[in-house]
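Participant: predicted model and sequence below, questions to follow.
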Amino acid sequence: MHTWIGRRLTEGEAGRGDVNRHLMSVYAYPLEVYFRGTSDHWLGDPSDVVGGFFADRLARPNFLADWQSTGIRLRRWLMNAFCLYLKEAKRRHRRDTGHAELPDEPTTEAANVDRDMDRAFAQSLTREALSRTQQLCTEQGLEAHWGIFVRHYYEEAPYDEVGREYGVDPPRAAVMARTASRKFRQVMRDILMRDGAEEAEVDREIQELLEVTGA
């Protein structure tokens, strides 16, 4: 488990920077959604509060090592760490303002805040996987494969239409789209494994995320 993160963390500041960018890219939006569903949203703008959380926690040398010893999904562990960060923020507010009546624990106002966070994670995961797949296709000279993939799978254009746009026949367009699709699925699997899913669990994890998004 956690081989990519574990390997990067042994590579000094450059590796830790890669890990930090990955965490903020994939998990900032789900944490913002979670924050909006709590009674603590008065603490500030969601992006500012989540940014403050990452700045504080990622500066701690053992922050991710503590996660690696738990065996739980990274997004759940980050949510728990974020709740602790909110408690600390409210304690500082109480100390500074004298509002002793504020509860420590963040209470959720949205009925399905955990489900909303899972949905946001699925959306963030998909955006990140699409971005990385596009970069991968560009690096490998497969820009047309990527374009056909987007036109067919995302914009739902038929292969005969897409083939005319890219100067290939429909069967060739289908092959090119499947090539990009395989790369997209592998990138998505890699990101889920960074979240803590074992390889044998990834297909089930994807199915659960599809269900929570209503796909």
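Facilitator: Received, thanks. Numbers count the residues shown, from 1 in each chain.

Participant: any weak-confidence spans in the chain?
Facilitator: Low-confidence segments of the chain (pLDDT under 70): 1-2, 98-111, 215.

Participant: middle-most residue in this protein, spatially?
Facilitator: Val26 (2.7 Å; C-alpha atoms, centre = their mean).

Participant: just the terminal-to-terminal distance for stretch 53-69.
Facilitator: Chord length of stretch 53-69, first to last residue, is 21 Å (C-alpha to C-alpha, to the nearest Å).

Participant: and that stretch, which residues are buried?
Facilitator: 53-54, 57-58, 63-64, 67-68 (16 or more other C-beta atoms under 10 Å). For the C-beta atoms, the positions are set from N, CA and C on the backbone; glycine is no exception.

Participant: okay, helices next: where are they in the protein?
Facilitator: Here the chain has its helices, by DSSP state H, at 3-9, 12-36, 46-57, 63-68, 74-97, 113-139, 143-149, 159-166, 170-194, 202-213.

Participant: and the shortest one, how far out from the chain middle?
Facilitator: For helix 63-68, the distance from its own C-alpha centre to the chain's C-alpha centre is 17 Å (C-alpha atoms, centre = their mean, to the nearest Å).

Participant: likewise the first one?
Facilitator: Its chain's C-alpha centre lies 17 Å from the corresponding centre of helix 3-9 when counted by C-alpha atoms, centre = their mean.

Participant: for it, buried residues please.
Facilitator: For helix 3-9, using 16+ other C-beta under 10 Å, the buried residues are 5, 8-9.

Participant: one more: the second one?
Facilitator: If you call a residue buried by 16+ other C-beta under 10 Å, then helix 12-36 has these buried ones: 16, 18-20, 22-24, 26-35.

Participant: before we move on, the earlier item: most packed of the helices of the chain?
Facilitator: Mean neighbours per residue, mean count of other C-beta atoms under 10 Å, is largest over these for helix 143-149, with a mean of 21.

Participant: what's that one in contact with?
Facilitator: Applying C-beta atoms under 8 Å, 6 or more residues apart in numbering, the external contacts of helix 143-149 come out as 133-134, 137-138, 162, 166, 168, 173, 176-177, 179-181, 184.

Participant: noted, bye for now.
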